[in-house]
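Peer 1: have a look at this fold, sequence not included:
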């Protein structure tokens, strides 16, 4: 669907003589002139942290004394220190707000399906439960960030996408592919996803308010209502959003009850203060959701088809940033709490005790950088404490804790602290960037020694149309609490799992002539001690899922993209706006042994093809078409214990939008051709899903 392009410098054309006149749109050209950079249903490589929008005043030249106000180059931090778009040495895929508003999706999970390097494995629809991975990894091997704050749940990555934010709140989503240890620390084994809701500096000094409301409904009893209220008062910004959604689900258990239904609410508050010297941001969010888990964790030994899960997640953070001085500081402090109740037999605690877990994660981070004659140097440190109390995970607690709303106590738990420090230097020359650094990590779990993970990124720009890039990066990930301790109903975890480690090489080229963008990237991953759940089906009824460390897994991959902008190529026509095609190929050298079934590490998308077309049918009516074809390596077991290979499938999504200045109405269809397919195990995904909605901007 989306066009990946690398960070390259675009030629800037400034009409000085008529720069401030009403007739400077040059109507005599017979063409429409748009004074902006518009991203419609497009993924582009840009900021990994911030898009700067403060105006830059250019100095006068020898030929004119005029001073023009120009938009600043997009700032990027695919490195620890912020760099401009043209300087960046690391590739970051960015989905802008316009993309989010026009995509046929209801959640961030659905949105990421159209990023070619991202594997989205749904267990439930509309974001009920989804595993997100990058470049053949698993859901626990990526780091998920909210405004740059690590919000990963150390208990499990299955529920990491239970986010407190409404889609209308998101400014952009950034995807960094490949190991990112020296940038984001632990957990970023194969990549990072940063969800940004803060518009830095755009509304400073403004007074006013902004209100957005939306509602939609559709197949299977689906309904969604939400909105956002934003208030600007001088140097302060305050925003509150809320959302409620529900569905009856699309399937029933053998007993006839609904088993893929869901309902949930979320609320998010964020504030900002900014003056000439500092910028402060803070947020507080909650996400509360319950869903029928069908056969999500079933096995031949445990043929449960009516499971249920409920999660409540709290997110809070305060971030600061200095804007002047030789040394720039960006401290942050955060606390996230994740509570989970899992019912193996829905509503039948007497048949199987419910699993209760609660994790509290506290973190303090200090980032800083300074400029000098040799370039830009960044350094900093982070302390992150992860605390688990549980009814079935961890070691016996010296003091139990009561489980609110029940007659039970948390009797087990685990606590570990991760300390990391980093150092990075960026050499910035004309047309060339070198970014090199390292992160030193110490974790209190299992008496881990201090370990250093280096990385280096290179970018060479021989011209404004060409960019060549290369990188070598390393990272690690600590095992989740579930991987170490889950031992119920056909599962047997290993508390002595080793941390995963990754080394990666990457290289690519981007070419962007007029109206066309082409890119090609190749990468190689060497994984050590990769964690997986496997089952030996030859054991029949005695077969169980076991957590193990694979000695090593080597992966190679290729990603290619092509995009056509018909507004530039054929400006006389008005029907076609953009057409884009992206393709990804992955191969691993470790094959599944006969009779061995893998849940995660050995299952990956060998082929993924994504295509998108945006059409302007008439003045206010547009049509977006999104196509995906996926071929997954791996297999799952049916209730009789028989291995079943994943079959390739193709899906078409469409969205018809009537857009006005203050409102829009839309009709969308997911899985237009009613394809039946499996993303994960025994869980069959829904067929055609029709949704209609309306949104207002007041």
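Peer 2: Nice, I can see it. Just so you know, these numbers come straight off a predicted model, no measurement behind them.

Peer 1: contacts, neighbours, all on C-alpha from now
Peer 2: OK.

Peer 1: where do the helices of the stretch 401-550 of the chain begin and end?
Peer 2: Using DSSP state H, counting those that start in this stretch, the helices of the stretch 401-550 of the chain run over residues 481-485.

Peer 1: would you map the strands across it?
Peer 2: 409-429, 432-443, 451-463, 466-477, 491-492, 500-511, 516-536, 545-565 (DSSP state E, counting those that start in this stretch).

Peer 1: shaky segments in the protein?
Peer 2: 1-78, 84-86, 200-206, 591-592 (pLDDT under 70).

Peer 1: show me where the stretch 251-400 of the chain has strands.
Peer 2: Using DSSP E, counting those that start in this stretch, strands in the stretch 251-400 of the chain cover 262-274, 278-294, 307-322, 327-343, 355-372, 375-390, 395-402.

Peer 1: the third one packs against which elements?
Peer 2: The criterion is 3 or more Cα pairs under 8 Å, 6 or more residues apart in numbering; DSSP states H and E, and the helices and strands that strand 307-322 contacts are strand 278-294, strand 327-343.

Peer 1: check the second one too.
Peer 2: Contacts defined by 3+ Cα pairs under 8 Å, 6+ apart place strand 278-294 against strand 262-274, strand 307-322.

Peer 1: what about 10 Å?
Peer 2: Applying 3 or more Cα pairs under 10 Å, 6 or more residues apart in numbering; DSSP states H and E, one finds that strand 278-294 makes contact with strand 118-124, strand 129-134, strand 236-247, strand 262-274, strand 307-322, strand 327-343, strand 683-684.

Peer 1: what's the angle from it to strand 118-124?
Peer 2: For strand 278-294 against strand 118-124, the angle by axes from the mean of the first three to the mean of the last three Cα atoms, to 10 degrees is 50 degrees.

Peer 1: mind listing what strand 278-294 pairs with, with the direction of each?
Peer 2: Strand pairing for strand 278-294, using DSSP bridges, gives strand 262-274 (antiparallel), strand 307-322 (antiparallel).

Peer 1: could I get those strands as JSON lines with distance to residue 430?
Peer 2: Formatted as JSON lines, the strands paired with strand 278-294 follow (distance: least, Cα to Cα, whole Å):
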{"stretch": "strand 262-274", "distance to residue 430": "33"}
{"stretch": "strand 307-322", "distance to residue 430": "27"}
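
Peer 1: tabulate these (JSON lines), appending mean neighbour count and distance to residue 233.
Peer 2: Formatted as JSON lines, the strands paired with strand 278-294 follow (neighbours: other Cα atoms under 10 Å; distance: least, Cα to Cα, whole Å):
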{"stretch": "strand 262-274", "mean neighbour count": "22", "distance to residue 233": "10"}
{"stretch": "strand 307-322", "mean neighbour count": "20", "distance to residue 233": "19"}
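
Peer 1: wait, which of these is closest to residue 165?
Peer 2: If you check each of the strands paired with strand 278-294 against residue 165 by Cα to Cα, strand 262-274 wins as the nearest, at 5.8 Å.

Peer 1: coming back round to it: pick the most deeply packed of the strands of the stretch 401-550 of the chain.
Peer 2: strand 466-477 (a mean of 24; mean count of other Cα atoms under 10 Å).

Peer 1: for burial, what's the neighbour tally of the closest residue to residue 269 other than its chain neighbours?
Peer 2: Excluding the flanking residues, the one nearest residue 269 by Cα to Cα, 6 or more residues apart in numbering is residue 240, at 4.5 Å. Residues within reach of residue 240, counting by other Cα atoms under 10 Å, total 21.

Peer 1: can you tell me how far residue 240 is from residue 171?
Peer 2: Distance of residue 240 to residue 171, given as Cα to Cα, to the nearest Å: 14 Å.

Peer 1: same question, residue 548
Peer 2: From residue 548 across to residue 171, the span is 39 Å (Cα to Cα).

Peer 1: one more: residue 429?
Peer 2: 31 Å.

Peer 1: find the residue at the geometric middle of the protein.
Peer 2: The centre of the chain sits closest to residue 193, judged by Cα atoms, centre = their mean, with a distance of 3.4 Å.

Peer 1: which residues touch that residue?
Peer 2: Contacts for residue 193 (Cα atoms under 10 Å, 6 or more residues apart in numbering) come out as 48, 92-94, 112, 132-134, 142-146, 148, 150, 173-177.
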